[in-house]
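**Q** sequence plus predicted model, see below.
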Amino acid sequence: MTNEDNRLSEAPPFWSELRLPSLLSVDKVQKLHAAIETDWNPLQRTACQTAAGRALWKHVTNDMLAELLAGETQLTSFYQKIQKDCLKQAREVSGVILAVRTLWFDSKLEAAVTFLNDKEMLQVVLLGAGMDTRAYRLECLTNSHVFEVDFPQVLQVKASLLQEATVPRDNQQEIEMKAKMLTRVEADITGQDWLEKLQNSGFVPEKNTVWILEGLLYYLSNCDAIHVLRTIASQSTLTTTVVLADFMNKQSTMLSKSTFQFYCDWPDELLPSLGFSDVKLSQIGDPDAHFGLLNDPLNMFDKLRTIPRSIEIDPEDGTPCCRLYLVQASGFPI
Ligand SMILES: C[S@@+](CC[C@H](N)C(=O)[O-])C[C@H]1O[C@@H](n2cnc3c(N)ncnc32)[C@H](O)[C@@H]1O
C-alpha cells in the first residue's frame, strides 16, 4: 500500500469508494439524466451539482434522494474532488460548505416554522429550488405548504426522477412526503410574472411565509437579485415573513466571474435598506454554522472569522478573503 492509499483509507468509509444506487441504472432514469447533460444550460445544471454535494455528504445532510437527483456524471465528478482532497489530506474536504449550508438552512427553517406556526398552514417558498428535497426530508414541514420555484425544465425532470423513486422495486426505500402540500411553480424569477404565477398556484400573500433563497442570489444580476429581494419585502408588509438566504462577498464571486454575478459584502446593511428587520448574519464556522464539521484547528473558516469583514485580502498570506454569508431576516406587517 502506498502512502496515498494509506491516507485515503483514513477517510470516512463512505468516501473510500463511490457506490451508485441501483436506481441510477434504471433506463428511464438514465434517459432523464442524459437529457440533463445535453439540454440543460450550466445554470440549470448547478441544481444537480449541488445535489451531488449533498449526496456525498448524506451521512450529514440525510438527503437520501440526492443521489438520484444528482445523477452519475455529477456524482462522479464531485467524488473525484473529494478523493483528491482526501489524498492530499486537505484541511477542508470539497462539499463541506454545502453540508454546513444545508444544515444551517434546515435548522433556521425549523426554528422559523416553530416561531411562525399557527393554526393555519404555513407557507415555505423555495426560490431556485433545484433538486432540494426538504419537502421529503424535514418532519417540521408537516403543517406547511411548500412551493418550489425554478425553471420548467428543472422542475419537470425533478418530478419525473422522483416519480421513478416511487415505483416499487426490490431493495428500494419508499419515498414519503413530509410536507403537508407541495406545489411546483415553473417560473423564471428574473421575469416579471413569477409572483403572479406563485399566487396562481395557491400562494396567499396574507399567510405567514418562510422564503428560502439557497444557492441562488449570486447567479442573478445585481438588478435581478435586488428586485427579487424587494418583491419579497413587499409581501412582508402583509404578514410575518422570515427570509433565509446566502450571499457571496465580492472576493467569492471573483473565483468564477463567468458564473457568479451578484455579490454583497454587507447583507446586514442591504436587507434593512430594502425593508427587512431583525437581520442575523452568520459565517461558516460560527457557533450556529459549524455542526461539528470543521475540526481542523487550522481550518480556513476559523481563520477568516478572525479577519475583519472589511479586509479583502488576507494580510498574512495574500489570499483573497472569500466568504459565504448565511443570513436570516424578518418582515412584519405594517
Ligand atoms: C445552485 S442551484 C441551488 C438549488 C437549491 N436551492 C439547492 O440549494 O439545492 C441554483 C438553482 O437556481 C435556479 N435558478 C437560477 N436562476 C433562476 C431563475 N432566473 N429562475 C428560476 N430558477 C433559477 C437554477 O435552475 C438552479 O436550480
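**A** That came through fine.

**Q** what about the strands in this protein?
**A** Along the chain, the segments classed as strands by DSSP state E run 122-127, 144-150, 181-186, 209-213, 241-248, 277-283, 324-331.

**Q** of the ones you listed, which approaches the ligand most closely?
**A** Taking CB to the nearest ligand atom, strand 144-150 is the member of those nearest to the ligand, at 4.3 Å. Backbone N, C-alpha and C define where each C-beta goes, glycine included.

**Q** would you mind getting the angle between that closest one and strand 122-127?
**A** Going by axes from the mean of the first three to the mean of the last three CA atoms, to 10 degrees, strand 144-150 is angled at 10 degrees with respect to strand 122-127.

**Q** what angle do strand 144-150 and strand 209-213 make?
**A** Angle of strand 144-150 versus strand 209-213, following the same axes, to 10 degrees, is 30 degrees.

**Q** so residue 133 sits right up against residue 65, yeah?
**A** Yes: look at residue 133 against residue 65 with CB atoms under 8 Å: they come within range, at 4.6 Å.

**Q** the residue in the stretch 151-300 of the chain that the ligand sits nearest to and residue 187, how far apart?
**A** Per CB to the nearest ligand atom, residue 215 is where the stretch 151-300 of the chain lies closest to the ligand, at 3.5 Å. Using CB to CB, to the nearest Å, residue 215 is found at 17 Å from residue 187.

**Q** more neighbours, those two?
**A** The neighbour comparison of residue 215 against residue 187 (other CB atoms under 10 Å) goes to residue 215, with 23 against 20.

**Q** ok, the more buried one - contacts?
**A** Contacts for residue 215 (CB atoms under 8 Å, 6 or more residues apart in numbering) come out as 46, 50, 101, 128, 130, 246.

**Q** same deal with residue 147?
**A** Per CB under 8 Å, 6+ apart, neighbours of residue 147: 123-126, 183-185, 198, 201-203.

**Q** just the buried ones from those, in PyMOL syntax?
**A** Buried residues among the contacts of residue 147 (16 or more other CB atoms under 10 Å), as a PyMOL selection:
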select buried, resi 123+124+125+126+183+184+185+198+203
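
**Q** just the contacts of residue 147 that are near the ligand?
**A** With CB under 6 Å from any ligand atom as the criterion, the contacts of residue 147 include none near the ligand.

**Q** turn the contacts of residue 147 into a markdown table, including pLDDT.
**A** Formatted as a markdown table, the contacts of residue 147 follow (pLDDT from 0 to 100):
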| residue | pLDDT |
| --- | --- |
| 123 | 96 |
| 124 | 98 |
| 125 | 98 |
| 126 | 98 |
| 183 | 98 |
| 184 | 98 |
| 185 | 98 |
| 198 | 98 |
| 201 | 98 |
| 202 | 98 |
| 203 | 97 |
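
**Q** so which of the contacts of residue 147 is the closest to residue 80?
**A** Using CB to CB, residue 126 is the member of the contacts of residue 147 that sits closest to residue 80, with 28.9 Å.

**Q** where does the prediction get shaky in this structure?
**A** Applying pLDDT under 70 to the chain picks out residues 1-14, 118-119, 334.

**Q** up against the ligand, what does this structure have?
**A** So the chain meets the ligand at 43-44, 46-47, 50, 128-132, 150-151, 154, 188-190, 214-216, 219 (CB under 6 Å from any ligand atom).

**Q** how about 8 Å then?
**A** Those residues of the chain that sit near the ligand, judged by CB under 8 Å from any ligand atom, are 43-44, 46-47, 49-51, 54, 101-102, 105, 126-132, 149-151, 154, 187-191, 194, 212-216, 219-220, 224.

**Q** quick one, which of those are buried?
**A** Buried subset of the residues of the chain next to the ligand (neighbour count, 16+ other CB under 10 Å): 44, 46-47, 49-51, 54, 101-102, 105, 126-132, 149-151, 154, 187, 189, 194, 212-216, 219-220, 224.

**Q** quick one, helices of the stretch 101-250 of the chain?
**A** For the stretch 101-250 of the chain, the helices defined by DSSP state H, counting those that start in this stretch occupy 134-137, 152-166, 194-200, 222-235, 250-253.
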